[in-house]
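**Student:** I'd like to go over a predicted model; first the sequence, then the structure.
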Amino acid sequence: MNENYVPAEGKKAPAFTLPDAEGNKISLSSMKGKWIILYFYPKDNTSGCTAEAVDFTASLPEINKMNGVVVGISPDSCKNHQRFIQKHDLQVTLLSDEEKTVLQKYGVWKPKKMYGNEYYGVIRTTFLIDDKGIIRFIWNNVKVNGHADDVKFKLAELQR
């Protein structure tokens, strides 16, 4: 894929294959035919990331009825994902991108600032990908409160 490719609405979602919490390889193409809510988050077991995963888990029955799946990606290890899933009884699929290749492909691994220090990290972003692999909507710099509801609403709207 072109190094300068920037995922955008109306474009094909960048292909990827990453391990889930159990180490099974999951690829974007293996979910073809489903609407994919692909969300990128900074770190397992932090307050915002936990709230987001719990909210998406609570929304899964409605999302599944709309032929949707929810997949979260962070730079955490598969082991961390296992603990995170068990601790919070999560039902969403979490993928590990320790090498940060998919984070970079989707343009969410960027410089951040905290207390005057600059470092690289994940910018909380969600992509809504249709059943043909096309990005239909992007939420940048996601605020967690109400986000799962916004995503469900947009999914229903796009399927009308």
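**Tutor:** That came through, no problem. Residues are numbered from 1 along each chain as shown.
**Student:** what comes up buried for the helix or strand of the chain with the lowest mean pLDDT?
**Tutor:** Least confident element among the helices and strands of the chain, by mean pLDDT, DSSP states H and E: strand 109-114 (a mean of 91). In terms of neighbour count (16 or more other CB atoms under 10 Å), strand 109-114 has its buried residues at W109. To be clear about C-beta, it is placed using only N, CA and C from the backbone, and glycine gets the same treatment.
**Student:** I'd like the next helix or strand past that strand.
**Tutor:** Sequence-wise, the next helix or strand downstream of strand 109-114 (DSSP states H and E) is strand 117-122.
**Student:** residues in contact with the least confident helix or strand of the chain?
**Tutor:** Residues from elsewhere that reach strand 109-114 (CB atoms under 8 Å, 6 or more residues apart in numbering): 100, 103, 118-123.
**Student:** tilt between that strand and strand 117-122?
**Tutor:** 140 degrees (axes from the mean of the first three to the mean of the last three CA atoms, to 10 degrees).
**Student:** Including pLDDT and neighbour count, could the contacts of strand 109-114 go into JSON lines?
**Tutor:** Formatted as JSON lines, the contacts of strand 109-114 follow (pLDDT from 0 to 100; neighbours: other CB atoms under 10 Å):
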{"residue": "K100", "pLDDT": "97", "neighbour count": "14"}
{"residue": "L103", "pLDDT": "97", "neighbour count": "23"}
{"residue": "E118", "pLDDT": "93", "neighbour count": "8"}
{"residue": "Y119", "pLDDT": "91", "neighbour count": "8"}
{"residue": "Y120", "pLDDT": "94", "neighbour count": "12"}
{"residue": "G121", "pLDDT": "95", "neighbour count": "16"}
{"residue": "V122", "pLDDT": "96", "neighbour count": "21"}
{"residue": "I123", "pLDDT": "95", "neighbour count": "18"}
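**Student:** Among those residues, pick out the one closest to K34, please.
**Tutor:** Proximity of those to K34 (CB to CB) peaks at L103, which lies at 21.9 Å.
**Student:** where exactly do the helices run in the protein?
**Tutor:** With DSSP state H, the ranges of helices along the chain come out as 47-65, 78-88, 101-105, 147-159.
**Student:** Any buried residues in the shortest one, and which?
**Tutor:** Just to be clear, that refers to helix 101-105. Applying 16+ other CB under 10 Å to helix 101-105 flags 102-103, 105 as buried.
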